[in-house]
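Peer 1: Fold the following and give me the result.
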Amino acid sequence: MRLKLARVMSTHASCLLRQNCYWRIFDRGPSLSRGYCYKNRTNPDVAPSGIHNVQSIRAKWAEHFKYRNVPEAEVSAELIVAHVLGSKTLAGIASWQIVSKSKIDRINELCALRLRRIPVQYVIKEWDFRDLVLEMQPPVLIPRPETEELITHIGNYQTIQDLSPPRRILEIGCGSGAVIISLAKEYPESFCMGLDQCAVACELTRRNAMKHDTALSVKNIEFNDTTVEGEEVFQSKYDMIVSNPPYVPTIDLESLSPEILQYEDVAGALDGGQEGLDVIKSILRNASRILTSDGLLWLEVDSTHPEAIKKLVEDNSHWNMKYIKTCKDFMNKSRFCLLSSNTV
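Peer 2: Numbering: from 1, shown residues only. This next block holds a predicted model:
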């Protein structure tokens, strides 16, 4: 459940974000810039009058973000200015290009939102995930770059093992729809189902699926022992289950940045209980009941969790799950767990 940018942005903005670890959940952001003074500014939260070119507007807002201790000031300013100018980044826009007053006013409006520590994805109301441009809406969790790699690991494993495309795919906790829509694109003949306990997330997934002309089903259902027993959606078997469940230990939630604490769904999408394993355990307990005999379970988890998950499966053989492998993310951290149903 962590972080990214897509291919359109990967050559520039993605590099900036990844180098600065903007999406790391425990990143506190950059320190205050030194020596900057607003003594002569009547309203520092707008671009100064007389500044009309792209570079000057971007630079002034980046400087002000730093002064106000907004994380990733340079990247935030660039993405907002580029968005208003109809681009992903400023890479293809001349720095001396004159910006109209109406666009400057719009840049000021959006930057004022960023000053309130609203995540830039919510400010510009979209974000890239692989080759998808997805609508973003609070409090639905913003897709993190690591999650893009989950799709890559799934594809690589299917290819290396020479597996047939999964006929039925279930995502537990679909959020914005980034993962289930990507899988539906990869496997167009598969039946794809996304579940989320948040109604706003379900509606957002539906809109993003429609935007990308993707057929899938979405249900507003919380995954737990009771719903697995009673809900119709779990009465059919799935060849693959994918989940990026809440996995942050409750005690660590207070360390999250204001962007996350104030605007993302902390209780529903991040809080994983005392050890960060509450929802993960629920999935492990019930997975074999809704997987085919050789079905696969892919989990994105905290880097400290794979060994704990492996031991849980070994100590609870009645769960009928087999641990297959751990995959690393781009930071070389153990991020993804692959398990299979161990039923006869």
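Peer 1: Just the strands from this protein, written as ranges.
Peer 2: Counting by DSSP state E, one finds strands in the chain at the ranges 126-129, 132-135, 168-172, 191-195, 217-219, 238-243, 291-300, 321-328, 334-341.
Peer 1: just for the chain, where's the confidence low?
Peer 2: Where the chain drops to pLDDT under 70, the residues are 1-51, 344.
Peer 1: Could you list the domains of the chain?
Peer 2: Domain assignment for the chain, taken from automatic domain parsing, gives 31-124, 137-341.
Peer 1: Phi and psi next, for the residue nearest the centre of the chain.
Peer 2: Centroid-nearest residue in the chain: Pro143, 1.2 Å away (criterion: CA atoms, centre = their mean). Main-chain dihedrals, Pro143, degrees, to the nearest 10: phi -60, psi 130.
Peer 1: measure it to Asp128 for me?
Peer 2: Pro143 is 9 Å from Asp128, where distance means CB to CB, to the nearest Å. For glycine as for every other residue, the C-beta is placed from the backbone atoms N, C-alpha and C.
Peer 1: Also Ser282?
Peer 2: 31 Å.
Peer 1: Comparing the two, which residue is more hemmed in?
Peer 2: Ranked by neighbour count (other CB atoms under 10 Å), Ser282 and Asp128 place Asp128 first, with 22 against 18.
Peer 1: That one contacts Leu134, correct?
Peer 2: Yes. Asp128 is within contact range of Leu134, at 7.4 Å (criterion: CB atoms under 8 Å).
Peer 1: can you put the strands of the chain in JSON lines and add distance to Lys88?
Peer 2: Formatted as JSON lines, the strands of the chain follow (distance: least, CB to CB, whole Å):
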{"stretch": "strand 126-129", "distance to Lys88": "8"}
{"stretch": "strand 132-135", "distance to Lys88": "9"}
{"stretch": "strand 168-172", "distance to Lys88": "27"}
{"stretch": "strand 191-195", "distance to Lys88": "26"}
{"stretch": "strand 217-219", "distance to Lys88": "28"}
{"stretch": "strand 238-243", "distance to Lys88": "27"}
{"stretch": "strand 291-300", "distance to Lys88": "25"}
{"stretch": "strand 321-328", "distance to Lys88": "28"}
{"stretch": "strand 334-341", "distance to Lys88": "26"}
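Peer 1: Count the neighbours of Leu299 for me.
Peer 2: A count of neighbours around Leu299, defined by other CB under 10 Å, yields 25.
Peer 1: roughly how far apart are the closest residue to it other than its chain neighbours and Ser236?
Peer 2: Counting by CB to CB, 6 or more residues apart in numbering, Leu299 lies nearest to Cys337, which is 4.5 Å off, once chain neighbours are set aside. Between Cys337 and Ser236 the computed distance is 24 Å (CB to CB).
Peer 1: out of these two, which sits in the busier spot?
Peer 2: Cys337 (23 against 12).
Peer 1: I figured the more buried one hits Thr326, correct?
Peer 2: Yes. The criterion here is CB under 8 Å, and Cys337 meets it with Thr326 at 5.9 Å.
Peer 1: who's in contact with Asn198?
Peer 2: Not Asn; residue 198 is Cys. Listed by CB atoms under 8 Å, 6 or more residues apart in numbering, the contact partners of Cys198 are 139-140, 220, 265, 268-269.
Peer 1: List buried residues within those.
Peer 2: Buried residues within these, defined by neighbour count using 16 or more other CB atoms under 10 Å: 139-140, 265, 268-269.
Peer 1: And those residues, which is closest to Ser255?
Peer 2: The closest of the buried ones among the contacts of Cys198 to Ser255 turns out to be Ala269 (CB to CB; 16.3 Å).
Peer 1: measure that closest one to Val140 for me?
Peer 2: 8 Å.
Peer 1: ok, now Gly175?
Peer 2: Distance from Gly175 to Val140, by CB to CB: 5 Å.
Peer 1: again with Asp196
Peer 2: Noted for Asp196: a distance of 9 Å to Val140, by CB to CB.
Peer 1: Now the common contact residues for the two.
Peer 2: Gly175.
Peer 1: What is the neighbour count of Lys103?
Peer 2: Count around Lys103 with other CB under 10 Å applied: 17.
Peer 1: For it, list the residues it contacts.
Peer 2: Contacts for Lys103 (CB under 8 Å, 6+ apart) come out as 84-85.
Peer 1: Looks like Lys66 contacts Glu72 (just checking).
Peer 2: No. Lys66 lies out of contact with Glu72 (CB under 8 Å); the separation is 9.9 Å.
Peer 1: returning to what we had before: ok, now how distant is the residue nearest to the centre of the chain from Asn244?
Peer 2: From Pro143 to Asn244 the distance is 9 Å (CB to CB).
Peer 1: And for Ala112?
Peer 2: With CB to CB as the criterion, Ala112 and Asn244 are 32 Å apart.
Peer 1: which of those two has more neighbours?
Peer 2: Asn244 (27 against 13).
Peer 1: if we can go back for a sec, which residues are in contact with each of Pro143 and Asn244?
Peer 2: Joint contacts of Pro143 and Asn244 (CB under 8 Å, 6+ apart) are Gly175.
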